[in-house]
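Enquirer: could you look at this predicted model? Sequence included:
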Amino acid sequence: MNPEKYIYLDNNATCCVSPEVEEAMVPFFQQFYGNPSSMHSFGGQVFRHIEEARRKVAALLNADPEEIVFTSCGTESDNHAIRGVFQAFPEKRHFITTKVEHPAVLMVADFLEKKGYQVTKIKVDKFGNLDLDEFRDSITSNTGLVSVMAANNETGTLFPIEEIGLICREKGIYFHTDAVQAAGKIPLDVKKIPVDLLSISGHKVHAPKGIGVLYIRRGVKLDPFILGGHQERSRRAGTENVPYIIGLGKACELALAGILEENSRVRELRDKLETGIVKKIPFTRINGNPKWRLPNTCNIGFELIEGESILLHMDKAKIAASSGSACTSGSLEPSHVLLAMDVPFSYVHGSVRFSLSRYNTEEEINYVLQVLPGIIEKLREISPFYTKEYKEKAQNWNLA
Ligand code: PLP
């Protein structure tokens, strides 16, 4: 174990840029810097590279390249999908989403509500599974769009997007899925999943921050979000972020090639970490659906202590993880996802998300399993809630 090296288990917040991705981007800063919209061949060659990247992104989703629109990030893709549909269909005034979406969707839902739209946020059960009956019952003739994430960023719980898409299709309602966390980790095939709009973010698939994708199924009508030039077939104005688009193309190509590894080696490491923690450390619980989950994510509640204190102590031991999502972990508010799942109060504040990537090693997981029990014990020792009864029960814990 290299003591200088950070053990990075926060890949749902952001990932490193793959060396191959960085290498693919470099020529597009100094060498191929032409504007892809220019008439001259210096720009034209850049245009062809963009179209090659578009084909690679499309392949990850089994989409047609013309259905891929490059954006600046996952947040923009989510905003574009939702606001674009309601602008294109002003007579539709009802939006359905879930209580556990990322703020990139929930804040748009709140915005629509303030504008007088009706918004339904579907609840989830204690495993984070969606209440499909409530979903079916909430659809009305006024519903313009359904947006349900493919996988939850905090717990990794997967949502039944095929089933939801089918229901939407039967009713003639557009369906958007925020697949920012799912893309590259589980297979996504838009020829099989009846989804109309799908969001991806570059920095969750080992491309840089500041690039995203909105998949728009051919024939789907929605207004552009950013107005200006005719780039991206007039669906997203602004001169293309060429190096980042090239990087995202490479990242998607690598993700597609590595999806088996993600679902075997990464999954095994995640399972080793999770079972190790639950066995070695008393009073822990897994938050989320233990089976139907992203292969890289686990969210563990440690009773009677604060997630932030755990993170600070892990940070000292050079281990990076997070509590809540990266967008809310700056606040001490409990996670809206765990609250929606009714995670017991004594666990909700002490929950930590570990999210792995293909760059993690077994040696790193062994190190975490070696140091984490000591950190938790130390924090519990100073907790006023860690009573004699708890201490007695802990002694009889089934230690591995
Ligand atoms: N949606 C989900 C599920 C996410 O996890 C994130 C980022 O964490 C986003 C959207 C926002 O993506 P971006 O950071 O590219 O704006």
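Expert: That came through, no problem. Residues are numbered from 1 along each chain as shown.
Enquirer: mind giving me the domain split of this protein?
Expert: With domains defined by automatic domain parsing, the chain comprises 7-15+259-399, 19-255.
Enquirer: next to the ligand, which bits of this protein? Give me the list.
Expert: With the criterion set to Cβ under 6 Å from any ligand atom, the chain comes near the ligand through 73-75, 78, 102, 104, 149, 153, 178, 180-181, 201, 203, 212, 325-326. In this view, the C-beta of every residue, glycine as well, is placed from N, C-alpha and C.
Enquirer: now intersect those with the helices, please.
Expert: Gly74, Thr75, Asp78, Ala104 (DSSP state H).
Enquirer: hang on, isn't the last one packed against Ser201?
Expert: No: using Cβ atoms under 8 Å, Ala104 and Ser201 do not qualify as a contacting pair, with a distance of 9.1 Å.
Enquirer: for stretch 130-144, buried residues please.
Expert: Buried residues in stretch 130-144, counted by 16 or more other Cβ atoms under 10 Å: Leu130, Phe135, Ser138, Ile139, Thr143, Gly144.
Enquirer: OK, contacts around the third one?
Expert: Pointing back at Ser138 there. Applying Cβ atoms under 8 Å, 6 or more residues apart in numbering, we find Ser138 in contact with Ile96, Thr120, Ile122.
Enquirer: re the thing from before, any idea which of the domains of the chain is most buried?
Expert: domain 19-255 (a mean of 20; mean count of other Cβ atoms under 10 Å).
Enquirer: and the end-to-end length of it?
Expert: Across domain 19-255, the terminal residues are separated by 13 Å (Cα to Cα, to the nearest Å).
Enquirer: that one: how far from the chain's middle?
Expert: Distance, stretch centre to chain centre, for domain 19-255: 12 Å (Cα atoms, centre = their mean, to the nearest Å).
Enquirer: adjust the sequence numbering to begin at 687 for everything that follows.
Expert: Yep, numbering from 687; the last one is domain 705-941 now.
Enquirer: average pLDDT for that domain?
Expert: Computed over domain 705-941, the mean pLDDT rounds to 97.
Enquirer: over to stretch 1000-1015?
Expert: 79.
Enquirer: still on that earlier bit, intersection of neighbour lists for Ala790 and Ser887?
Expert: Gly760, Thr761, Val866.
Enquirer: who's in contact with the second one?
Expert: Same thing as Thr761. If you count contacts by Cβ under 8 Å, 6+ apart, Thr761 has them with Ala790, Ser887, Gly898.
Enquirer: next: the last one.
Expert: Neighbouring residues of Val866 by Cβ under 8 Å, 6+ apart: Gly760, Ser763, His788, Ala790, Met835, Asn839, Ser885, Ile886, Ser887, Lys890.
Enquirer: mind running it again at 6 Å?
Expert: Val866 makes contact with Gly760, Ser885, Ser887, Lys890 under the criterion Cβ atoms under 6 Å, 6 or more residues apart in numbering.
Enquirer: which of the residues you listed fall in strands?
Expert: Ser885, Ser887 (DSSP state E).
Enquirer: quick check: pLDDT value at Glu1048.
Expert: For Glu1048, the pLDDT comes out at 97.
Enquirer: also the one 5 residues further on?
Expert: As summarised for this prediction, Tyr1053 has a pLDDT of 97.
Enquirer: tell me which element it falls in.
Expert: Per DSSP states H and E, Tyr1053 falls inside helix 1048-1067.
Enquirer: check which helices and strands that helix sits against.
Expert: helix 953-966 (3 or more Cβ pairs under 6 Å, 6 or more residues apart in numbering; DSSP states H and E).
Enquirer: how far off centre is the helix it packs on?
Expert: 21 Å.
Enquirer: follow-up on the earlier one: same list (the contacts of Val866) but as a markdown table, adding distance to Ile768.
Expert: Output for the contacts of Val866, formatted as a markdown table (distance: Cβ to Cβ, whole Å):
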| residue | distance to Ile768 |
| --- | --- |
| Gly760 | 13 |
| Ser885 | 10 |
| Ser887 | 16 |
| Lys890 | 19 |
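Enquirer: closest to the ligand out of the buried residues of stretch 816-830?
Expert: Nearest to the ligand among these is Leu816, at 14.8 Å by Cβ to the nearest ligand atom.
Enquirer: report the contact partners of the closest one.
Expert: Going by Cβ under 6 Å, 6+ apart, Leu816 touches Ile808, Val810, Phe845.
Enquirer: give me the phi and psi for the first one.
Expert: When quoted as degrees, to the nearest 10, the phi and psi of Ile808 stand at phi -70, psi 140.
Enquirer: apart from its chain neighbours, what residue comes closest to the residue of the stretch 737-886 of the chain found nearest the ligand?
Expert: Residue nearest to the ligand within the stretch 737-886 of the chain: Gly760 (2.6 Å; Cβ to the nearest ligand atom). Excluding its sequence neighbours, the residue lying closest to Gly760 (Cβ to Cβ, 6 or more residues apart in numbering) is Ser887, at 3.1 Å.
Enquirer: that neighbour contacts Gly898, correct?
Expert: Yes: under the criterion of Cβ atoms under 6 Å, Ser887 makes contact with Gly898 at 4.8 Å.
Enquirer: need the residues touching each of the two.
Expert: Common neighbours of Ser887 and Gly898, counting by Cβ under 6 Å, 6+ apart, are Cys759, Gly760.
Enquirer: helices of the stretch 887-1036 of the chain, residue ranges please.
Expert: 917-920, 928-947, 953-966, 993-1002, 1022-1026, 1031-1034 (DSSP state H, counting those that start in this stretch).
Enquirer: circling back to that earlier point, now, among the buried residues of stretch 816-830, which is nearest to Ser1041?
Expert: Taking Cβ to Cβ as the measure, Ser1041 lies nearest Leu816 of those, at 21.2 Å.
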